[in-house]
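Student: fold the following and give me the result.
(one chain, ligands or ions: 2)
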Amino acid sequence: MYYKQIFKLLQVCSCKNMSLNYIQTIEELNNPTVRIKNKENVNNIIANIISAGKDKLQVISDFDRTLTKQHENGKLHISSFGLFCRCPSISQKYLQCAKGLSKKYYPIEVDPTVPHDEKKVIMKQWWSEINEVIKGETVSNKEIAETTIKEGPALRDGTVKLFDDLNKANIPVLVFSAGLGDSVLTILKHCNILHSNVKVFSNFLYYNEDGVIQGFKNYPLIHVLNKNEFAIKDVKYLNFIKERSNVLLMGDSPGDSGMADGVHHAENILKIGFLYDNLEENLSTFMDAFDIVLVDDQTMEIPQAILNKLF
Ligand SMILES: Nc1nc2c(ncn2[C@@H]2O[C@H](COP(=O)(O)O)[C@@H](O)[C@H]2O)c(=O)[nH]1
Ligand SMILES: [Mg+2]
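Tutor: Ligands and ions are numbered 1, 2, ... in the order given. Next up is the predicted model:
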């Protein structure tokens, strides 16, 4: 009996040591941009995801400033809504209104001192006001696609390879955006990463038969702080993910950390947060919301390094 207990103890220790080795063996996790609050927890999640394999994994990613860069040489990238504003037939009325709304609400969005519940009401107000001012516009999807070619935001370095590898491995990818879904689709298409394993869940425009925008198709609107309240209802996608209990989640806002809350069968969720704005003021909020925080990292190096263990 004595030897059996010693052997069991050694087994447990060696397993524990093995899972703790993941932070060392994935050397990119020791990059200076990486912040991890609870290394043991992150090791365990990574170990569970890797041991379960690629057939148990699904990816849920935000779009604006997650799949796209947050900045290039300090210059902020346009958002999916911002791209809509660059379309030639956009009205001056909409441009003035949308600019005013962004000027009023965006600083609140990225202000960590605004209490969550208060910010949630304000964000809901921003999106409902966008929904009103966008009515009557006649920007077509064709025009959004043409403008994407000229002015679309750049994806994070390495995003195309990451999506190609996810597609080859047949791992479902849900792009979950509070932005403008029509722009999101055209950017993904333009960058050749709208593969068959990718689904976009976002705010899509509703056009009448004359091509005049009537607002958004979906209610409630998806904004940056209510993503945790949505569960995917698309039957085909639900079937695609039903056996996949492990999630790699990527976002650039604390509200993104709740994107997997609707995945009721999730067992292991690895949350990666891309932080850029107001670094010092936002770091602790991000460290609480995400397992791995990447500080001003405009690449997909870390998600790729982790997923390489599965490919
Ligand atoms: N330029 C504008 N950006 C806007 C507007 N309304 C919202 N937003 C931004 O979209 C993202 C949400 O997208 P996600 O893919 O990151 O979920 C959010 O961060 C807002 O700042 C707008 O009218 N104009
Ligand atoms: Mg975002």
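Student: Ile78: how many residues sit nearby?
Tutor: Residues lying near Ile78 (other Cβ atoms under 10 Å) number 16. No exception for glycine: its C-beta is placed from N, CA and C like everyone else's.
Student: what does Lys56 give?
Tutor: The burial count for Lys56: 18, using other Cβ under 10 Å.
Student: kindly report the same for Arg244.
Tutor: 20.
Student: buried residues in stretch 194-206?
Tutor: Residues 194, 197-205 are the ones in stretch 194-206 that count as buried (16 or more other Cβ atoms under 10 Å).
Student: in strands, which of those residues appear?
Tutor: Counting by DSSP state E, these place 198-203, 205 in strands.
Student: hang on, the earlier thing: which pair in the buried residues of stretch 194-206 spans the largest distance?
Tutor: Checked with Cβ to Cβ, the buried residues of stretch 194-206 reach their widest spread between Asn197 and Leu205, with 24.7 Å between them.
Student: is stretch 151-165 anywhere near ligand 1?
Tutor: No - for stretch 151-165, no contact with ligand 1 is found by Cβ under 6 Å from any ligand atom; the gap never falls below 10.7 Å.
Student: give me the distance between the two termini of that stretch.
Tutor: End-to-end distance of stretch 151-165 (Cα to Cα, to the nearest Å): 27 Å.
Student: report the buried residues of it.
Tutor: 152-153, 155-156, 158-159, 162-163, 165.
Student: now flag whichever of those residues is closest to ligand 1.
Tutor: Distance to ligand 1 across the buried residues of stretch 151-165 (Cβ to the nearest ligand atom) is lowest for Pro153, with 10.7 Å.
Student: sec struct for the closest one, please.
Tutor: Following DSSP: H, G, I helix; E, B strand; the rest coil, the label given to Pro153 is coil.
Student: Asp288 now?
Tutor: State at Asp288, reduced to three classes by three-state DSSP: helix.
Student: show me what contacts it?
Tutor: Applying Cβ atoms under 8 Å, 6 or more residues apart in numbering, we find Asp288 in contact with Lys37.
Student: now swap in Asp164 and tell me
Tutor: Asp164 neighbours (Cβ under 8 Å, 6+ apart): 193, 195.
Student: tell me if it really is in a strand.
Tutor: No - per three-state DSSP, Asp164 lies outside any strand segment and is helix.
Student: buried set for stretch 131-150?
Tutor: Within stretch 131-150, the residues that count as buried by 16+ other Cβ under 10 Å are 131, 133-134, 137, 139-140, 143-145, 147-148.
Student: check stretch 89-105 too.
Tutor: Of all the residues in stretch 89-105, those buried under the rule 16+ other Cβ under 10 Å are 90, 94, 97-98, 101-102, 105.
Student: circling back to that earlier point, Glu40: which of the buried residues of stretch 151-165 is nearest?
Tutor: Taking Cβ to Cβ as the measure, Glu40 sits nearest to Leu162 out of the buried residues of stretch 151-165, at 26.3 Å.
Student: thank you, goodbye.
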